[in-house]
Every structure is written in structure tokens, then in C-alpha cells.
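Visitor: My questions concern the predicted model and sequence given below.
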Amino acid sequence: DVVTQVRTATRELARFRMVYEFGIEEMLTKIRILRSEFAQTHDHNPIEHVSSRLKSMDSILEKAGRYGCATDPDTIRERIRDIAGIRITCSFESDAYRVADMLAQQPDVEVVQCKDYIAHPKGNGYRSLHLIVRIPVFLSDRTEHVFVEIQIRTIAMDFWASVEHKLFYKYDGAVPDHLRSELLDAARTAAELDARMSGLREELHDLGDREAASGPTVAHH
Ligand code: 0O2
């Protein structure tokens, strides 16, 4: 009957989503370990903030429609690779690459795609480093491999992307020209800020080296 069908569908959907939740957990654990290790053994922690999200079923189906692909679970699992998403925010551009490398070199992390919108910003000014990774999730009776999208960006890139995202939705994708060019200009300013911050990072690095060479110093603030 209908009730049984709905129950079965709900259970299958929960199973489908569960594996992605575990994939997110796995990646978050890896990131947490890197953060703790950095806090204990290095002077500078490259990760400022981490967030995650599981794509809603509506968005998954909307995307499947846009890709023109079938909506059976196997096709969706293969084609839609950002069902599980993690966003890592760093202080400095160099940290974004460093974090990406640290994750990519882990033996159970297979990088299947890397899009470097930092080196090659999108036309609207969007910058970020995107990795699609595939990681194993060990279940009671099987191992499943899930795709996880990891977006790594600086605080400036994140600030820009969140404002752009709001405007994009406010105008339903048709952002007026004057706001588009304002956003592009703001993206340039954000990139300049990142470049200036990189300069300051060099200073921090030099200071760290000098302090290490001369032993402990008195903190000024
Ligand atoms: P949400 O709500 O974050 O999930 P795709 O559309 O994913 O199949 P694409 O466009 O090649 O393929 O993927 P890409 O370029 O790696 O971008 C995917 C995600 O990056 C987006 O996910 C956004 O989160 C982010 N992103 C990409 N371009 C922009 C941009 O111009 N502005 C902002 N603010 N974010 C961007 P979703 O699924 O669109 O959204």
C-alpha cells in the first residue's frame, strides 16, 4: 500500500544520505586532526574556520535535471559530486594550497578533480580552490566510496563569495550590470588584500625564524 511505499522510500533516502554524512565526518576528522597538530607543533595554524553541508534532495534532483542525467541512485552518486560539501577558510592564500596538499597526500584521499579559481578566477570574480575527493566509508557490511567537494579559500574570498551569493539569489541569477561590475571591482580589492596579507605573512615568518634563532622573547601584546 501507499504507506509502505512511502516508508520504504524514506528509508532508502535516509540510507542514501547517511553515507554522505559519514563522508563529511571522515573529512572533518582529518581536518580536526591537522588543526590540533598545528596548534601543538607549529606557530601558525593555517585553518581559521570549517563548515560543512549536505545538499538537500531538492537541490540534488534540480542538478540532476540540469545535467540531463537519470535520477536513479547510482547515476546520481556518480554524476553529482558535491552532495557532501566542506568549506575551509584560511588566513592566507598560501595556506589554502598548503591545506589542499596536506589533504591530497593522505593515502585514503583520492583527488579526482582540482579547480583552481585562485590562479584562474571566474569571470564574475569568484576565487577559491575546489577539490573533489573520493574517500572510503567503512560500513558494517561493505565499504562505500563517496565524493566530497572541498572548497578552500581565504577570509577575503569567503566574504566576497557570501555577498555575491546573496545578491545572486536576491536577483534570481540576473544581477544588474552595475552590481556585477561593483562585485568584480570588490573581487579585485579582495585579491589585493590577500596579496598584502601575504606580505605580512612573510614578516610573521621572518619574525618566527628570528625568535627561534634567538630563543624566547618577551611578548609585547
Ligand atoms: P551551493 O549552494 O554552494 O551548493 P556544478 O554547478 O557544481 O555542477 P561547477 O559550476 O563546474 O559545477 O562547479 P564549481 O565551479 O566547482 O562550483 C561549485 C560550487 O562552488 C557552487 O556550488 C558554489 O558553492 C561555489 N561557487 C562556484 N561559483 C561561484 C560563484 O560564482 N559565486 C559563489 N558565491 N559561489 C560559487 P553550488 O551547487 O552552486 O551551490
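Guide: Sure, I can see it.

Visitor: contacts for stretch 10-26?
Guide: 52, 54, 57, 73, 83-86, 135, 137, 139, 144, 146-148 (CB atoms under 8 Å, 6 or more residues apart in numbering). C-beta here means a position set from N, CA and C on the backbone, and glycine is covered the same way.

Visitor: Strands - which of these land there?
Guide: Counting by DSSP state E, the contacts of stretch 10-26 place 52, 54, 84, 85, 86, 135, 137, 144, 146, 147, 148 in strands.

Visitor: Intersect those with the contacts of the ligand.
Guide: residue 85 (CB under 6 Å from any ligand atom).

Visitor: Just give me the closest of the ones in strands among the contacts of stretch 10-26 to the ligand.
Guide: residue 85 (6.0 Å; CB to the nearest ligand atom).

Visitor: The longest helix seen in the chain and the ligand in contact?
Guide: The single longest helix within the chain, with elements called by DSSP state H, is helix 2-41. No: against the ligand, helix 2-41 shows no contacts by CB under 6 Å from any ligand atom, the least distance being 12.9 Å.

Visitor: Pull out the buried residues from that helix.
Guide: For helix 2-41, a neighbour-count test (16 or more other CB atoms under 10 Å) marks 17, 19-20, 22-24, 26-27, 30-31, 34-35, 38 as buried.
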